[in-house]
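Trainee: please work out how this folds:
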Amino acid sequence: MNTYPRLLAIWLLLTNAAAAFAASSVDITVTGRLTPDACHVTLSEDGTVNHGKIPAHTLNANEFTVLPGQLLELKVQCTRPMLFALVGLDNRAQSSLAPGFFYGLGRNIHVPAERLGSIALSYRNPQGDSQPMQVLASTDSGETWRPEPNAYPKSYVGFALPGDRQPDFIGQLTTQLRIDTSINFTQYLTLNQEVPLDGSIVLDLRYL
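Mentor: Below is the predicted model:
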């Protein structure tokens, strides 16, 4: 007559024993992320060149008006010495007067067919890991290089010790980026209203 209570007691005992056995082990979870070595690029003045207000009567009718050149400080800091190049990408390429050499300055917002002018970029006085460097350029995505301080649209620009023919590994680079802006002939522009200049360039760092 006491069979059921005895079986129930045995089942409860086995259940408790199984729970105690499960609690005798724990899981270990290991997380994290493996990240590639990388370089970080910064520009002084947040990369902004402001020419202010330019009176129309000071511009040339039959030739480009070259505005005062501006210098920005560019720095590249890498987690370790790396091979890299900087590539200029023109967000206003359709307004460029010579897309292979100059970046566009945008179009006249009042007369969209009118292109406002050109921007030229060049690198000056580069220092790589506290050593003077030379500027190299490549028009075939880094296959071949030549000494060239100008940063033409889509060209690869690298930095090397004097005499080297290819970019060198660099951990920290500092250089001046010169921006030269030219306004188109005013005979081709309608300037009876205020017209904003609208150059927009991306410097893209690419690993070699």
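
Trainee: on the three-state scheme, the closest residue to Asn150 other than its chain neighbours is what?
Mentor: In space, Asn150 comes closest to Ser122 once its chain neighbours are excluded; the distance is 4.8 Å by C-beta to C-beta, 6 or more residues apart in numbering. Bear in mind the C-beta positions are built from the backbone N, C-alpha and C, glycine included. Following DSSP: H, G, I helix; E, B strand; the rest coil, we place Ser122 in the strand state.

Trainee: and the gap between Ser122 and Gln193?
Mentor: Distance of Ser122 to Gln193, computed by C-beta to C-beta, to the nearest Å: 33 Å.

Trainee: any regions of this structure where pLDDT drops low?
Mentor: Where the chain drops to pLDDT under 70, the residues are 1-23, 32, 34-35.

Trainee: do a quick rundown of the helices in it.
Mentor: Counting by DSSP state H, the chain has helices at residues 3-22.

Trainee: partner residues bridging the nearest residue to Gly163 once chain neighbours are set aside?
Mentor: Excluding its sequence neighbours, the residue lying closest to Gly163 (C-beta to C-beta, 6+ apart) is Gln134, at 8.0 Å. Under DSSP bridges, the beta-bridge partners of Gln134 are Ala160.

Trainee: from what I can see Gln134 touches Arg165, true?
Mentor: No. Gln134 is not in contact with Arg165 according to C-beta atoms under 8 Å; the separation is 10.0 Å.

Trainee: give me the more crowded residue out of these two.
Mentor: Using other C-beta atoms under 10 Å as the criterion, Gln134 and Arg165 rank with Gln134 on top: 20 against 11.

Trainee: what about Ser122 and Gln193, which has more around it?
Mentor: Ser122 (17 against 9).

Trainee: now do the strands in the chain.
Mentor: Along the chain, counting by DSSP state E, strands occupy 39-43, 65-66, 70-82, 84-90, 103-104, 117-128, 131-132, 134-138, 146-147, 156-160, 170-183, 201-207.

Trainee: in JSON lines: those, plus distance to His51.
Mentor: Output for those, formatted as JSON lines (distance: least, C-beta to C-beta, whole Å):
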{"stretch": "strand 39-43", "distance to His51": "17"}
{"stretch": "strand 65-66", "distance to His51": "11"}
{"stretch": "strand 70-82", "distance to His51": "8"}
{"stretch": "strand 84-90", "distance to His51": "18"}
{"stretch": "strand 103-104", "distance to His51": "15"}
{"stretch": "strand 117-128", "distance to His51": "11"}
{"stretch": "strand 131-132", "distance to His51": "31"}
{"stretch": "strand 134-138", "distance to His51": "25"}
{"stretch": "strand 146-147", "distance to His51": "30"}
{"stretch": "strand 156-160", "distance to His51": "24"}
{"stretch": "strand 170-183", "distance to His51": "6"}
{"stretch": "strand 201-207", "distance to His51": "15"}
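
Trainee: mind checking which of the ones you listed is nearest Lys53?
Mentor: strand 170-183 (12.9 Å; C-beta to C-beta).
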